[in-house]
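> Whatever this is, show me its structure:
(chains A and B)
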2 protein chains.
Amino acid sequence: MSLLAVGSIAFDAVRTPFGERARMLGGSAVHFALAASFFTEVSVVGPVGDDFGDAEYDVLTTRGVRTDDIEHVDGGKTFFWRGHYDYDLNVAHTDDTQLNVFGDFEPKLSDHSRGSESVFLANIQPDLQLGVRQQCNAASLVGLDSMNLWIDTARESLRRAIGAVDLVLMNDAELRMLTEQPNLVRAARDVMAMGPRMVVAKQGEYGAALFTEESFFALPGYPLEEVVDPTGAGDSFAGGFLGYLDAIGPEAVDDQALRRAMTYGSVMASFNVERFGTERVQSLTHGEVNRRFEEFKVITHLEAVPLELRVFG
Amino acid sequence: MSLLAVGSIAFDAVRTPFGERARMLGGSAVHFALAASFFTEVSVVGPVGDDFGDAEYDVLTTRGVRTDDIEHVDGGKTFFWRGHYDYDLNVAHTDDTQLNVFGDFEPKLSDHSRGSESVFLANIQPDLQLGVRQQCNAASLVGLDSMNLWIDTARESLRRAIGAVDLVLMNDAELRMLTEQPNLVRAARDVMAMGPRMVVAKQGEYGAALFTEESFFALPGYPLEEVVDPTGAGDSFAGGFLGYLDAIGPEAVDDQALRRAMTYGSVMASFNVERFGTERVQSLTHGEVNRRFEEFKVITHLEAVPLELRVFG
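Predicted coordinates:
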């Protein structure tokens, strides 16, 4: 199978209570692709400028990510984001955004990308998301992320894009904002009524919840003693989730497979935040991924009540 | 076994987006006792005034709660709280607090209460909590709740009280505030360093997490489509948790028993919020409790990855 990621490729400057980085590789498509690369073949579509060099390409190609569809804009500069986090690591404070080549981004897909079985539409303008979706006729699983900016400024476009995908991954505040529905269960159902058959509510340190027509599943966050840099956690989650599902193929996707995808998503997000940017994922091994999956099983394991310990009938 | 609850007995006036009640039975000891009554024998210690009549006693005695130690203060008025919730049901807004007889409360324990095997010290002034703890020499399991007010105004007293109990149940913001530690894992460990062997972090709609020396367990909130009134959810959780553990007795308490206690706590909290005040719990049946426990098992169930669906070594 193969998986396509369309989104931002960036340089980030990030300061947290645990340190800072003046310039490091980032962007939604990058975090997604690195996480997904542990499961399947990933291609990245997104624009970069002259400042995006071999060192950055190497981070992706070392993990087997296909970079053929990364668009080099001559004379341009790569998208740049500067932000910081205070002790509440759930809230990113943006200090500077320079869209640069990302400002005029129009996704151009090669034949190979258009033939992808799975697609992740990272958080970009929703009309662009819809355009990519419509080009990917072979895709049987398309996921979409978005943000409050598009809910505010392009709500109808966003609804159209959502109507064309299988899966929406957004944080729970955004799901509530999009549907104007304070109850998360109802908000998720309202999103499914727009078209998607699955909704993932990302809940930061509290984990994530999966809503489908037939089922509900929730997974706590991994209990980390030190969250160094939350940037990219949501995209890493999406990478683990869609990467696993793409790898096993559509015939194998059932309720338990979706739960495993949720868990792999949580595993990848939990590693992502342990260090700045992509640093942790660059040194990550399959063995570590496996072990953390098993830890999630232990953390959430609940046995039935033994008969002798039932206290009522 | 037997379980003692020391805390407030109140009349509440509550308004939420789903309706309001001008005056209904409430208070931490009441919500706790009604929830715990599904599992074990509970006694309530707390003060009431002349306005607390047969109708209120009946709510407790109908569920088998012992009311002998409820202290009737002649000429007094029962504690009264008025508050409201907006669409963010995680945040209670207090509009009026009349301590009344609760302002001079000094817990008086009968011999029966002093002999309780398990004790819940609901959210009252921490020196009073410590005094009760010291009277209950037979208790092998003592839990304590508190709030930001006591962290602000009586931190050293609270630390002493915490040092004398087995279990702290507080919401995660309070645990962070108490320990001045933004990371919840570290905050829980800091609380255990004060004495308790267990910490439960209550996380509202996101569920709850249990920390012990050896183990971590987290359970999502039950996915309710309608939360009518969150008042008393935390005390109902504590009632299910301690009620179950008291019922099975200290010899049967192991890691899996604690996980079941967490689940019964979540079950009781989820029912509590479905209607105003104690209304839902008054009509609740053991069958409903059982079924929701099973639903939690389904919601959180995660199987191992079948060999043929492993995508890496």
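> residues contacting residue A:45?
If you count contacts by CB atoms under 8 Å, 6 or more residues apart in numbering or on different chains, residue A:45 has them with A:4-7, A:29, A:69-71, A:107-109, A:113, A:132. Just so you know, the C-beta spots here come from the backbone N, C-alpha and C atoms, and that holds for glycine as well.
> name the element it belongs to?
Remark: residue A:45 resides in strand A:41-48, with elements defined by DSSP states H and E.
> With just CA atoms, put that strand into PDB.
The C-alpha coordinates for strand A:41-48 follow below in PDB (Å, rounded to 0.1, in the frame of the first residue of the first chain):
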ATOM      1  CA  GLU A  41       5.700   3.900   2.400                       C
ATOM      2  CA  VAL A  42       4.900   7.600   2.600                       C
ATOM      3  CA  SER A  43       5.200  10.400   0.000                       C
ATOM      4  CA  VAL A  44       5.200  14.000   0.900                       C
ATOM      5  CA  VAL A  45       3.700  16.800  -1.100                       C
ATOM      6  CA  GLY A  46       4.600  20.300   0.000                       C
ATOM      7  CA  PRO A  47       6.700  23.300  -1.000                       C
ATOM      8  CA  VAL A  48      10.200  24.300   0.100                       C
END
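> Pull the distance from it to the chain's centre.
Relative to the centre of its chain, strand A:41-48 is centred 14 Å away, using CA atoms, centre = their mean, to the nearest Å.
> List the contacts of the helix or strand following it.
Reading on from strand A:41-48 to the C-terminus, the next helix or strand found by DSSP H and E is helix A:54-62. Here helix A:54-62 makes contact (CB under 8 Å, 6+ apart) with A:25, A:30, A:33-34, A:44, A:48, A:67, A:70, A:278, A:282.
> Does residue A:200 touch residue A:172 like I think?
No. Using CB atoms under 8 Å, residue A:200 is not in contact with residue A:172; the gap is 10.0 Å.
> Would you quantify the distance from the closest residue to residue A:274 other than its chain neighbours to residue A:233?
Spatial nearest neighbour of residue A:274, chain neighbours left out: residue A:280 (4.6 Å); criterion: CB to CB, 6 or more residues apart in numbering or on different chains. Distance from residue A:280 to residue A:233, counting by CB to CB, to the nearest Å: 11 Å.
> The two: which is more packed in?
residue A:233 (26 against 20; other CB atoms under 10 Å in any protein chain shown).
> hmm, back to that, the strand holding residue A:45 relative to helix A:54-62, how many degrees between them?
Interaxial angle, strand A:41-48 versus helix A:54-62 (axes from the mean of the first three to the mean of the last three CA atoms, to 10 degrees): 160 degrees.
> can you list residues touching both of residue A:280 and residue A:233?
Common contacts of residue A:280 and residue A:233 (CB under 8 Å, 6+ apart): A:272-273.
> joint contacts of residue A:200 and residue A:172?
Shared contacts of residue A:200 and residue A:172 (CB under 8 Å, 6+ apart): residue A:209.
> what about those two, which has more around it?
Between residue A:200 and residue A:172, residue A:200 has the larger neighbour count (other CB under 10 Å), namely 30 against 20.
> just to revisit the earlier point, would you say the residue nearest to residue A:274 is within a helix?
Yes. Assessed with DSSP: H, G, I helix; E, B strand; the rest coil, residue A:280 lies in a helix.
> Any figure for the gap between it and chain B?
Residue A:280 is 17 Å from chain B, where distance means CB to the nearest CB, to the nearest Å.
> How much space separates that residue from residue A:21?
Plainly put, residue A:280 is 13 Å away from residue A:21 if you go by CB to CB.
> Okay, now the unreliable bits of chain A?
Scanning chain A for pLDDT under 70 picks out the ranges A:313.
> mind checking the longest helix of it?
When chain A is parsed with DSSP state H, its longest helix is helix A:255-272.
> Point out the other helices and strands that that one packs with.
Helix A:255-272 sits against helix A:28-36, strand A:198-202, strand A:208-212, strand A:216-219, helix A:233-248, helix A:279-282, helix A:286-300, with contacts defined as 3 or more CB pairs under 8 Å, 6 or more residues apart in numbering or on different chains; DSSP states H and E.
> Can you list the buried residues in it?
Under the neighbour-count criterion of 16 or more other CB atoms under 10 Å in any protein chain shown, helix A:255-272 has A:256-272 buried.
> Could you do stretch A:158-174 as well?
Buried residues in stretch A:158-174, counted by 16+ other CB under 10 Å: A:158, A:160-162, A:164-174.
> So which residues on the stretch 51-200 of chain A come close to chain B?
Residues of the stretch 51-200 of chain A lying near chain B by CB under 8 Å from any CB of the partner chain: A:87-89, A:182-186.
> So which of those sit within helices?
Judged by DSSP H, the subset of these located in helices is A:184-186.
> Excluding covalently adjacent residues, which one is nearest to the residue nearest the centre of chain A?
Central residue of chain A (CA atoms, centre = their mean): residue A:235, 2.4 Å from the mean position. Setting aside the residues directly before and after it, residue A:235 is nearest to residue A:31 in space (CB to CB, 6+ apart), at 3.8 Å.
> do residue A:27 as well
Spatially, and ignoring its direct neighbours in sequence, residue A:27 is nearest to residue A:10 (3.5 Å; CB to CB, 6+ apart).
> Could you give the bridge partners of the one you found?
Bridge pairing for residue A:10 (DSSP bridges) gives the partners residue A:26, residue A:79.
> Now do stretch A:68-75: distance to the chain's middle.
Centroid displacement of stretch A:68-75 relative to its chain, using CA atoms, centre = their mean, is 23 Å.
> Go ahead and name everything in contact with it.
Identification of contacts with stretch A:68-75 by CB under 8 Å, 6+ apart yields A:9, A:43-50, A:52, A:57, A:101, A:108-110, A:112-113.
> one more time with 10 Å
Stretch A:68-75 has contacts (CB atoms under 10 Å, 6 or more residues apart in numbering or on different chains) with A:4-6, A:9, A:29-30, A:43-50, A:52, A:56-57, A:60, A:78, A:100-102, A:104-110, A:112-114.
> In ChimeraX, how would I select the buried members of these?
Buried residues within those, by 16+ other CB under 10 Å, are selected in ChimeraX with:
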select /A:4,5,6,9,29,30,43,44,45,46,47,48,49,52,56,60,78,100,101,102,105,107,109,113,114
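> So which of the residues of the stretch 51-200 of chain A next to chain B wins on neighbours?
Going by other CB under 10 Å, residue A:184 tops those with 24 neighbours.
> Verify the stated contact: it with residue A:210.
No. Using CB atoms under 10 Å, residue A:184 is not in contact with residue A:210, being 11.9 Å away.
> Now do residue A:134: how many residues are near it, please.
When neighbours are counted by other CB under 10 Å, residue A:134 registers 9.
> ok so it is a strand residue?
No. Counting by three-state DSSP, residue A:134 is not part of a strand but helix.
> Which of the ones in helices among the residues of the stretch 51-200 of chain A next to chain B sits closest to residue A:307?
Nearest to residue A:307 among those: residue A:185, at 32.7 Å, using CB to CB.
> Distance of that closest one relative to residue A:283?
According to CB to CB, residue A:185 stands 39 Å off from residue A:283.
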